[in-house]
Every structure is written in structure tokens, then in C-alpha cells.
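>>> Predicted model follows, preceded by the sequence.
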Amino acid sequence: MPGHDQVQRAVLKSLVDTEQRSVIANLSCWVVTAIAAIFLPTAIYFLFPLIFRLVAMVGTRTTFARLRSALDEDRSFAREYRLLAVALVVGGAAWGSTLLPILAYPTLHPARLLVAGGTLVGMSIIVTMLSPAPRLATFFALGFLGAFGAGLVITDTPDGLILMLGMTILFLIFIAYSHASTFSQTRSAQLLVENRRLSDDLRASLERALHMADHDSLTGMFNRRAFFAHTKQALWAKRLVIMIDIDHFKTINDRYGHAVGDVVLKRIGRVIRTVLEEEVGTEHYAARLGGEEFAVMVPCGPTFENRALTDTLHRRIAGIAEQMEIEGLVTTASLGVAVMDRQQTLDEALHNADTALYRAKAQGRNRTEYALMSAKMAAIQSA
């Protein structure tokens, strides 16, 4: 079942929507009551209850608006809920006070039926509206019955206990009926929350699947397929393609175990991304092609900038061993670099960089070698 807080939010959102639509109905009941009271001989005694009710309606409307704002902004609504509970107690008392002049000064004037009827109709509208949140309906009922009971005591109304009992039973009937009629609304809120949660889970699963399809699970970098797909979007006229291979990685796995080897690969992936962000910015592509082999594509800059990038990669990768503090562990890398223009394919550029990489390994490892370039490309690179 969905979380209680989420269901409560859904129910309260439905409630504040209903309250907004019921404002006209509540105001109409007040107007009918006010007009009917004017024609009663005791009209003056209805002045305070009617003003009290109007003020209470404004207060309740304001607290509902605050609750709506908290729900729309998806923040805690505990404070707004407490304020609304207080407002409903006051509002219930205001509705109950409307009946006090009739109890204190009984009259046979027909308008008294409109006053009592308008009050009871308005009370039933509010109870029905609040029924999806039984606690709020109870707060309103307590306010109404409290004012009604106090009025019976103050006015020393004959058979006041019977009247109080009858009004309480009437309220219980209203609440029970309204709650039963809105059971489906509460259930709908539960289903809505559950469907939303399932939708969020499905979206998260799809995002994870898409990420896993494009990324290496160990390092979080692009995989080979994604590297080829995404680098097609590069619009740079000159591109630097760098192949990076970890020196003696098999020895690391054999001597220290594959768990240490995995940690080394993760940290090298993190170092590559960090260096690229610091030295190049956001315009770069980096991937783990497989095993201990990585590939990078960046915009080709002047020779000194390109060499500064490869020097930083060498230094940071070598520093991983020191950070891991494992005796005898050495983490160095050999780099092969090729300059790629628009006429070349990525396969050709990677082949050239790979050839330079093997030359770097043959010449002692932990160094960078550049692919052989045509005279035209050499002139472009040195420009």
C-alpha cells in the first residue's frame, strides 16, 4: 500500500479543490440565513452570530489557501493542518451560534425555519466536504456542538439535554453517511498514489536501463558503442583522440586481486573525467573501451596545451597508487595520441592512436607517443 503521508496529501488536495468549489454554496447559505433573520422580530440578536460566521468563513478560506500552497509546493503541511483544525473549530462554533437567538428568543415567525434550515444545510455541506478527512470533520462538529451546547446552558432552554442529544445524533449521522459516500474517493486517492509510485519506479528503471546501455558499469564512463555514437555529435574541425592503457594491469590483478584491480579502474576513470573537466571543460568525450583500455576525444588545441593535458593525465594516474597506500602498487599509463580531421573516421583515428600507444609501450611505458601525421596535418597541428 502507498505511504500514509502520500495518501493524505492526495486526499487533502482533493479536499481543498472541493472547498474552493463550495465557497459559493456556503456563502449562499449565509445570505439566506441573513435575509431570513432580518424578518424576525429578534433580528438584532442575529447580528453578532452572522458577523461571527462571516469572519469564520474568511478565516477558514484563508487557512485552506495556505494548505493548498503547502501541498502544491510539496512541502510539510503540518502547521497549515493545525491552523485549519483551529479554524474549523471556530467555524463550527460560528455556525452553531446562529441557532442561539432562536433558542433564547423563540418565535413562531415562519422565517425562523429558513434560519434553522439554512444553518443545517450549510452544516451538512461542510460535513460532506470534510468527510474524506474525518478528523477535520470532527473538529468542525466539536466547534458546532460546543457552541450549541453552551447556548442551551446559557439560555436555560427547556429540554436542552434532549436537544443536545438530538443534534449530536444528527451530526453523527451526517458524518457517517458522508464518510461512507466518500469511501471510493479515499480509495481513488490510494490508487492514484500507488500508480504515481509505480510510474516513478518505471521511469527510474528506464533511466537506469538507458544509462546502463550507454555506460560502463564499473567506471560510469561511456562504453565503446556509446563513444562511437556520441562523438558523431562533435563539431570541432580538429580533434585529439587519446588512447590510454594501464601499464602492467594484469600484474596488478594477479598480485593484488581483481577487487584491487577494479578499484584502480574506477579511480582511473574518475581521474580522467576530473582532468578533462579541469583542463578542457565540458566539451569532451571519455570512454572505457574494455579491460584496462580507455579512449578520450577533445578539441585539438595548440601543441603545448595538448601536451599539458597528457602530462596531467600521467601525473594524476600515477598518483592513484600513492592514494591507495598499497605496498608495491604502481599505477602508470601509456598514451597514444592522434589528431583527427573531418575527413577521417573515428575507426581510423583510434587505429592511429592505438599504433602510437603500442609504440609508447615498446619504448618503456608511462609515456605519450603521437601518431605519425602527414605534412598537411603536421602543419595544422603546429598552427
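Happy to help now that I have it. Numbers count the residues shown, from 1 in each chain.
>>> now the residue most central in space within the chain, what's its secondary structure?
Closest residue to the average C-alpha location of the chain: residue 74 at 7.9 Å, with C-alpha atoms, centre = their mean. Secondary structure assignment for residue 74 (DSSP: H, G, I helix; E, B strand; the rest coil): coil.
>>> Check what pLDDT it gets.
At residue 74, the predicted lDDT confidence score is 84.
>>> average pLDDT across the longest helix seen in the chain?
As far as residue count goes, and with DSSP state H defining each element, the longest helix of the chain is helix 4-38. The average of the pLDDT scores along helix 4-38 is 81.
>>> where's it relative to the chain centroid, distance-wise?
Per C-alpha atoms, centre = their mean, to the nearest Å, the displacement of helix 4-38 from the mean C-alpha position of its chain is 29 Å.
>>> swap in stretch 49-62?
36 Å.
>>> export that stretch as CSV, just CAs?
These are the backbone C-alpha positions of stretch 49-62, laid out as CSV (Å, rounded to 0.1, in the frame of the first residue of the first chain):
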residue,chain,number,x,y,z
PRO,A,49,-23.7,35.4,15.0
LEU,A,50,-23.9,36.4,11.4
ILE,A,51,-20.8,38.6,11.6
PHE,A,52,-19.0,35.8,13.5
ARG,A,53,-19.9,33.3,10.8
LEU,A,54,-18.7,35.7,8.0
VAL,A,55,-15.4,36.2,9.8
ALA,A,56,-15.0,32.5,10.4
MET,A,57,-15.7,31.8,6.7
VAL,A,58,-12.9,34.2,5.7
GLY,A,59,-10.5,32.6,8.2
THR,A,60,-11.3,29.1,7.0
ARG,A,61,-10.9,30.2,3.4
THR,A,62,-7.5,31.6,4.2
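>>> Outside of that stretch itself, list whatever touches it.
19, 23, 26-27, 30, 33-34, 37, 84, 87-88, 90-91, 93-95, 97-98, 100-101 (C-beta atoms under 8 Å, 6 or more residues apart in numbering). Where you see a C-beta, it was placed from the backbone N, CA and C, and this is true even at glycine.
>>> Now which of the residues you listed would you call buried?
When those are checked for burial by 16 or more other C-beta atoms under 10 Å, the buried set is 19, 26, 30, 33-34, 37, 84, 87-88, 90-91, 93-95, 97-98, 100-101.
>>> quick one, strands of this structure?
The residue ranges that make up the strands of the chain, judged by DSSP state E, are 239-246, 285-290, 293-299, 333-340, 368-370.
>>> which parts of the longest helix of the chain are buried?
Neighbour-count burial for helix 4-38 flags 6-16, 18-19, 26, 29-30, 32-34, 36-37 (criterion: 16+ other C-beta under 10 Å).
>>> same check, this time on stretch 288-298
Of the residues in stretch 288-298, those buried by neighbour count under the rule 16+ other C-beta under 10 Å are 288, 289, 292, 293, 294, 295, 296, 297, 298.
>>> Dig out what the nearest residue to the fifth one once chain neighbours are set aside forms beta bridges with.
Going back to what we said before, that points to residue 294. Here the nearest residue to residue 294 in space, its sequence neighbours aside, is residue 244; by C-beta to C-beta, 6 or more residues apart in numbering that works out to 4.2 Å. The residues listed as beta-bridge partners of residue 244 by DSSP bridges are residue 294, residue 335.
>>> mind checking how far residue 244 is from residue 275?
11 Å (C-beta to C-beta, to the nearest Å).
>>> Same check on residue 223?
Using C-beta to C-beta, residue 223 is found at 20 Å from residue 275.
>>> same deal with residue 292?
As judged by C-beta to C-beta, residue 292 and residue 275 stand 17 Å apart.
>>> same question, residue 213
Taking C-beta to C-beta as the criterion, residue 213 is separated from residue 275 by 26 Å.
>>> Thanks again, I'm all set now.
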